[in-house]
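Peer 1: Fold the following for me, if possible:
(chains A and B)
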Amino acid sequence: MTNSRIAYAIALAALIAAPFFIYPIFLMNVMCFALFASAFNLLIGYTGLLSFGHAALFGSAAYITGHVLSKMGLPVEVAVLMGTATGAAIGLVMGLLAIRRTGIYFTMITLALAQMVYFICLQAPFTGGEDGLQGVPRGKLLGVINLSSDLNMYYVVLAIAVGSFAVIMRTVHSPFGRVMKAIKENEPRAISLGYDVNKYKLVAFVLSAALSGLAGSTKTLVFGFATLTDVHWNLSGLVVLMTLVGGLGTLLGPIVGALIIVALENKLGDFGNWLAAATSIEWFKSMGESVTMLTGLIFIICVLAFRRGIVGEISVFLKRF
Amino acid sequence: MEIFGIPWSLMLSQLLLGLVNGSFYAMMSLGLAVIFGLLNIINFAHGALFMMGAFFAWMGLNYFGINYWVALLIVPVVVGAFGILIERSMLRWLYKLDHLYGLLLTFGITLLLEGVFRSFYGVSGQPYQVPALLSGATDVGPLMMPNYRAWVVVASLTVCFATWFVIERTKIGAYLRAGTENPKMVEAFGINVPVMVSLTYGFGVALAAFAGVLAAPITQVSSLMGSNLIIVVFAVVVIGGMGSIMGSILTGLGLGVIEGFTRVFYPELSATVVFILMGLVLLIRPAGLFGKEK
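Peer 2: Here you go, the predicted structure:
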């Protein structure tokens, strides 16, 4: 236990120092998605529920935070809290409907309900339709700390991410987390032991939804916009991929996965240009546009050959010794 | 003549439009149900293969001069063969695992296929001419009925009911139904189940491709046409339940018609009405209209 505490302390120190070496916006982007993927992993990795509608929770929170900040002019804390609450509320409705079915149907229901949220966001008057909400001000935290400085913003995002990670870790290791895991491993047995399985599933769903909402709100703060991309099913797929690449049901997996996928999305174009310059093959220049193809390919490879994900494989490897 | 202040002709034309959409829902959810029955996999790639069908028809016409009618026959076979390839090379390894991996794999295939077509043709739609034989419209009393739309309804209903007949009333169908119930037992009787599984997947995929070719002249052929459809079809499948072939067909058609009427009475809701109905069905009858509670 002490070993892992030391590791966490080193990681935290590295994260505190990181913005002086790496572009802070990129880091914040990674942290938002790491939080989102960790929240998602709470469902798939620890309760065995595959939601394909998490973008709806992330995106609606992003919209609400943007709206509260730019149109209503309320303080930042209120905006983030309202975003998180929106995520939780939509999660409650989605969860109530989806847990009425299990397995594959659960996934289809979450996907369909998320698509409904997408259409609402497309048509509702306050979301700005195709343009989305642009130029959302960051404001001042507690009325004192000016968030328009990227460095200040970075430490706020770091605090949010670390705090949420602690919540997730506490949940997973709590008695409640053990029951979640029991449901994942063997639902009929959990029922026969007298657990009200649906109640546990619902609480897990709402918790995951609230944290996804928090991630969405934070994302709006960082970038200053909320658009239809945030509620689109593509994003739901992307968060599944992040978790899968990193390792389902591992605490660190989603974080590693988010780092890889975000880096891939942002840097693939540069990498392609570099490859084109190095090998003088013209095709590499268009690599940035073929992100979808590549994510599809990674998906296929992960499912066929690499189901434990990076962190999962490493921990299996370490256990051999 | 008017109903609730809405002219008859408008009602009828929306009814027809609803039936057209409904036939696509029916064909797609039928394919999903057939595949799910035997493979226990929800084929997310169904939408992408629908798109592929439409694109192959378009490519056939523009590059090789293959006309609509030939494409309607050939494209489902080609895409079906492609499906069998997918099943043999990838899906096969997942049958012993959790259902979720099948969904994730086919989702990956969807992204890959969409990405490939997008990198060649962009996201804008390519027009596909209505075949000469079916262009124009017929005057049927209060309504000018576009011939092609009528053909779509007739063709897809024929295919749907033929499928129903084969599965429920013939010997091949009996094998298939037996395989759905208990594949081990069927294998013990000397039926080659792995081949049956491949062919079933190929058939489901061919249905999607057939729907894609039918759709090409109605909607623009674009790389995103499939994923927009597949999510609605998922909702249709949840509403109908995948237990019954006829159930899938009727639910698909019915929901298309309901969607059409919503467009008349309250257009803002037409994109979401299927999802709202899904929520209601889940509250009242969680197993779906035709589903069996397990």
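Peer 1: Okay, and the residue nearest to residue A:69 when sequence neighbours are not counted sits in which element?
Peer 2: Among residues not flanking residue A:69 along the chain, residue A:79 sits closest, at 4.6 Å (Cβ to Cβ, 6 or more residues apart in numbering or on different chains). C-beta here means a position set from N, CA and C on the backbone, and glycine is covered the same way. Using DSSP states H and E, residue A:79 falls within helix A:76-98.
Peer 1: Flag every buried residue along that helix.
Peer 2: For helix A:76-98, a neighbour-count test (16 or more other Cβ atoms under 10 Å in any protein chain shown) marks A:76, A:79-92, A:94-98 as buried.
Peer 1: Let me see the contact set for residue B:245.
Peer 2: B:30, B:33-34, B:163-164, B:167-168 (Cβ atoms under 8 Å, 6 or more residues apart in numbering or on different chains).
Peer 1: does any part of stretch B:32-46 sit near chain A?
Peer 2: Yes: Stretch B:32-46 is in contact with chain A by Cβ under 8 Å from any Cβ of the partner chain, via B:36, B:42.
Peer 1: Next, the buried residues of that stretch.
Peer 2: Applying 16+ other Cβ under 10 Å to stretch B:32-46 flags B:32-39, B:41-46 as buried.
Peer 1: what do you get for stretch B:258-270?
Peer 2: Buried, per 16+ other Cβ under 10 Å, within stretch B:258-270: B:258-264, B:270.
Peer 1: ok, and what's touching that stretch?
Peer 2: A:123, B:4, B:6, B:10-11, B:14-19, B:21-22, B:273-274, B:276-277.
Peer 1: can you do 10 Å?
Peer 2: A:119, A:123, B:3-4, B:6-7, B:10-11, B:13-22, B:25, B:232, B:271-274, B:276-277 (Cβ atoms under 10 Å, 6 or more residues apart in numbering or on different chains).
Peer 1: Out of the residues you listed, which end up buried?
Peer 2: A:119, B:11, B:13-22, B:25, B:232, B:271-274, B:277.
Peer 1: Write out the residues of the stretch 1-150 of chain B neighbouring chain A.
Peer 2: Neighbours of chain A within the stretch 1-150 of chain B, by Cβ under 10 Å from any Cβ of the partner chain: B:32, B:36, B:40-42, B:44, B:48, B:89-91, B:93-94, B:97-119, B:122.
Peer 1: which regions of chain A lie under the pLDDT threshold?
Peer 2: For chain A, applying pLDDT under 70 flags the ranges A:1, A:282-289.
Peer 1: for it, what spans make up the strands?
Peer 2: Secondary structure of chain A (DSSP state E): strands located at A:140-141, A:145-146.
Peer 1: neighbouring strands for the first one, and are they parallel or not?
Peer 2: Using DSSP bridges, strand A:140-141 pairs in its sheet with strand A:145-146 (antiparallel).
Peer 1: and the strand it pairs with, how far out from the chain's middle?
Peer 2: 26 Å (Cα atoms, centre = their mean, to the nearest Å).
Peer 1: And for that strand, what's in contact with it?
Peer 2: By Cβ under 10 Å, 6+ apart, strand A:145-146 touches A:76, A:138-140, A:152-153, A:155-156.
Peer 1: where does the strand or helix carrying residue B:112 sit relative to the chain's centre, distance-wise?
Peer 2: Using DSSP H and E, residue B:112 maps to helix B:99-121. Distance, stretch centre to chain centre, for helix B:99-121: 17 Å (Cα atoms, centre = their mean).
Peer 1: avg pLDDT for that helix?
Peer 2: The predicted model gives helix B:99-121 an average pLDDT of 89.
Peer 1: What pairs with whatever helix or strand comes next after it, parallel or antiparallel?
Peer 2: Remark: after helix B:99-121, the chain's next helix or strand is strand B:137-140, criterion DSSP H and E. Its sheet considered, strand B:137-140 pairs with strand B:143-146 (antiparallel) by DSSP bridges.
Peer 1: Any buried residues in the partner strand, and which?
Peer 2: Buried-residue list, strand B:143-146, by 16+ other Cβ under 10 Å: B:143, B:146.
Peer 1: And the contacts of it?
Peer 2: B:8-13, B:15-17, B:20, B:130, B:134-139, B:152, B:218.
Peer 1: quick one, phi psi at the residue of chain A most remote from its centre?
Peer 2: Within chain A, residue A:280 marks the point farthest from the mean C-alpha position, 37.2 Å out by Cα atoms, centre = their mean. Backbone torsions for residue A:280, taken as degrees, to the nearest 10, come to phi 50, psi 40.
Peer 1: what separates it from residue B:34, distance-wise?
Peer 2: 49 Å (Cβ to Cβ, to the nearest Å).
Peer 1: For the stretch 51-200 of chain A, which residues are neighbours of chain B?
Peer 2: Near chain B, when you scan the stretch 51-200 of chain A using Cβ under 10 Å from any Cβ, you find A:52, A:93-94, A:96-120, A:122-123.
Peer 1: Now a ChimeraX select for only the buried ones of these.
Peer 2: In ChimeraX, this line selects whichever of those come out buried by 16+ other Cβ under 10 Å:
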select /A:52,94,96,97,98,99,100,101,102,103,104,105,106,107,108,109,110,111,112,113,114,115,116,117,118,119,120
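Peer 1: Give me the subset of the residues of the stretch 51-200 of chain A next to chain B lying in helices.
Peer 2: A:93-94, A:96-98, A:103-120, A:122-123 (DSSP state H).
Peer 1: If you drop the residues flanking it in sequence, what lies closest to residue A:160?
Peer 2: residue A:218 (5.6 Å).
Peer 1: contacting residues around that neighbour?
Peer 2: Residue A:218 touches A:28, A:31-32, A:35-36, A:61-62, A:65, A:80, A:83-84, A:153, A:156-157, A:160-161, A:164, counting by Cβ under 10 Å, 6+ apart.
Peer 1: Just to check, residue B:93 is in contact with residue A:303?
Peer 2: Yes: using Cβ atoms under 10 Å, residue B:93 is in contact with residue A:303, at 9.0 Å.
Peer 1: Quick check: neighbours shared by the two?
Peer 2: With Cβ under 10 Å, 6+ apart as the test, residue B:93 and residue A:303 both reach B:101, B:105.
Peer 1: ok, those two, which is more surrounded?
Peer 2: residue A:303 (24 against 13; other Cβ atoms under 10 Å in any protein chain shown).
Peer 1: Show me what counts as buried in the helix holding residue B:112.
Peer 2: B:99-118, B:121.
Peer 1: angle of it against helix A:103-123?
Peer 2: 40 degrees (axes from the mean of the first three to the mean of the last three Cα atoms, to 10 degrees).
Peer 1: Which other helices and strands does helix B:99-121 contact?
Peer 2: helix A:103-123, helix A:233-246, helix A:291-305, helix B:8-39, helix B:46-64, helix B:68-89, helix B:225-240 (3 or more Cβ pairs under 10 Å, 6 or more residues apart in numbering or on different chains; DSSP states H and E).
Peer 1: Distance from the chain centre to the third one, please.
Peer 2: Spelled out, it's helix A:291-305. Distance, centroid of helix A:291-305 to centroid of chain: 19 Å (Cα atoms, centre = their mean).
Peer 1: what does the fourth one give?
Peer 2: Mean-position distance between helix B:8-39 and its chain equals 7 Å (Cα atoms, centre = their mean).
Peer 1: Next, the angle from that helix to helix B:46-64.
Peer 2: Using the same axes, to 10 degrees, helix B:8-39 lies at 110 degrees relative to helix B:46-64.
Peer 1: Could you do the last one as well?
Peer 2: Following the same axes, to 10 degrees, one obtains 140 degrees for the angle between helix B:225-240 and helix B:46-64.
Peer 1: residues of helix B:225-240 that come out buried?
Peer 2: B:225-227, B:229-240.
Peer 1: same for it, what does it pack against?
Peer 2: Counting by 3+ Cβ pairs under 10 Å, 6+ apart, helix B:225-240 packs on helix A:103-123, helix A:233-246, helix B:8-39, helix B:46-64, helix B:99-121, helix B:193-215, helix B:245-265, helix B:273-284.
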